[in-house]
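Visitor: build me a structure from this.
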Amino acid sequence: MTEKMQTELVEAAVAGDINSFGRLARRYYASMVAIAYAILADHQLAEDAAQEAFARALTSLRKLRNPDKFAPWLAQICRNIAKDMVAAKAGPMNPRDLFPDPESSGTNDDVHVVRRAIEKLSVSAREVIVLRYYNGLSYEEIASVLGISKPTINGRLTRAKQKIAKYLKRNGFLEDRA
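Guide: The predicted model follows:
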């Protein structure tokens, strides 16, 4: 979806065209789930947060000053909802909850080791990792959703991959593969 098309859809939705908002929701749903997942560590809760974000966005759409910034605005709503959900839990979210423990699931495969490395990252780093590698978004799409520049995305991804590699090396993962 081009920026111009997004702006037109937002303007139409503000004018009351619910179908336009539906198109925006379909476009950004997976991205909002990914953003919420980076905070909540639970796919079902992330879906709930994304749905709530769309509901709040729909009722607050007239407050959006710049239709070109719809996706970052929506992403911030989604982050806030996810953070509120974490706060409502019995305690702060433990990043270890992001991915199942390999020992508890009875497997110890490469995927679990990499996931454990990802759980060590900051929320902003997990966001770009999940959007890029789990959702397959391009740098342009991530930039649109998060409202940050492509160089910033590149920097976050580079630092995140370095931290993942360092974690894997520190835990003997890379040596075992030679």
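Visitor: you'd agree residue 7 is up against residue 69?
Guide: No - judged on Cβ atoms under 8 Å, residue 7 makes no contact with residue 69 at a distance of 9.6 Å. Just so you know, the C-beta spots here come from the backbone N, C-alpha and C atoms, and that holds for glycine as well.
Visitor: quick one: contacts of stretch 143-153?
Guide: Residues from elsewhere that reach stretch 143-153 (Cβ atoms under 8 Å, 6 or more residues apart in numbering): 3, 6, 28, 31, 35, 69, 71-73, 75, 127-128, 131-132, 137, 139-140, 142.
Visitor: could you do stretch 19-39 as well?
Guide: Contacting residues not belonging to stretch 19-39 are listed as 1, 6, 8-10, 12-13, 43, 45-47, 49-50, 53-54, 58, 61, 70-71, 74-75, 78-79, 81-83, 86, 93, 123, 126-127, 130-131, 134-135, 137, 141, 145 [Cβ under 8 Å, 6+ apart].
Visitor: for stretch 133-152, buried residues please.
Guide: Residues of stretch 133-152 classed as buried: 135, 137, 139, 141, 142, 143, 144, 145, 146, 147, 148, 152 (neighbour count, 16 or more other Cβ atoms under 10 Å).
Visitor: what about it, average pLDDT?
Guide: Stretch 133-152 shows a mean pLDDT of 92 in the predicted model.
Visitor: quick check: the gap between the most centrally placed residue in the chain and residue 54.
Guide: Closest residue to the average C-alpha location of the chain: residue 35 at 2.0 Å, with Cα atoms, centre = their mean. Taking Cβ to Cβ, to the nearest Å as the measure, residue 35 falls 12 Å from residue 54.
Visitor: repeat that for residue 170.
Guide: Applying Cβ to Cβ, the value for residue 170 to residue 54 is 40 Å.
Visitor: coming back round to it: now the residue nearest to the centre of the chain: how far from residue 153?
Guide: The gap separating residue 35 from residue 153 is 14 Å, by Cβ to Cβ.
Visitor: swap in residue 44?
Guide: Distance of residue 44 to residue 153, given as Cβ to Cβ: 27 Å.
Visitor: which of those two has more residues huddled nearby?
Guide: Shown here are residue 44 and residue 153; by other Cβ atoms under 10 Å, residue 153 has more neighbours (22 against 10).
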